[in-house]
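Q: Everything below, folded, please.
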Amino acid sequence: MAENIDGNDLLGSGGHVWMWGARQQTAKTLRTVGVAGAARMVTVRGERPVAIVARGGGPAVLKASGASRAAADTALDALDAAIQAYVDSGEAVAWADDKGRSGSYLVLTHFQPADDRTYNNEAGTWHAWERYTLTGVELGGRTG
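A: As a prediction, this is how the structure comes out:
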């Protein structure tokens, strides 16, 4: 299945990668007086953070096109609104990342589009690009 968030291709228009952080774990270590060494057990396997970033690091890019500059802006605004709706809902959704891994419990936590957009008119079609940051957590703690 192609990259998606809740079945929607919201990020496919621009350059980015999914950068997964380390799985958060809670462990308990037991030490006893008079005994050498210790015992350790993982008590919770928690969430795994993710950031959507540009291939070289930094903000990722969304792209939209339209017959006019206003139409390209409207298309980018629609992408922004759809992503922000997931952040606002706080719901865990299914996902597939750029490497084909998938899961069922992604919660998007922060979306910040840049204030400035860049434009290009090529053969009568307007293209608009917007840099953004997007972070989340995979509550199942896995990537795959």
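Q: Now do the helices in the protein.
A: Assigned by DSSP state H, the chain shows helices spanning 69-89.
Q: Spatially central residue in it, please.
A: Most central in the chain under Cα atoms, centre = their mean is residue 52, positioned 4.3 Å from the mean C-alpha point.
Q: what's next to the lengthiest strand in the chain, contact-wise?
A: Using DSSP state E to define each element, the chain has its longest strand at strand 102-122. Residues from elsewhere that reach strand 102-122 (Cβ atoms under 8 Å, 6 or more residues apart in numbering): 1, 5, 50, 59, 62, 69, 72-73, 76, 80, 83-84, 86-87, 90-96, 126-140, 142-144. Where C-beta positions appear, they are placed from N, C-alpha and C, glycine not excepted.
Q: so how far is residue 105 from the residue nearest to the centre of the chain?
A: The span separating residue 52 from residue 105 equals 17 Å under the rule Cβ to Cβ, to the nearest Å.
Q: circling back to that earlier point, what about burial for the contacts of strand 102-122, which qualify?
A: Among the contacts of strand 102-122, those classed as buried by 16 or more other Cβ atoms under 10 Å are 5, 50, 59, 62, 72-73, 76, 80, 83, 86-87, 92-93, 95-96, 126, 128-138, 140, 142-143.
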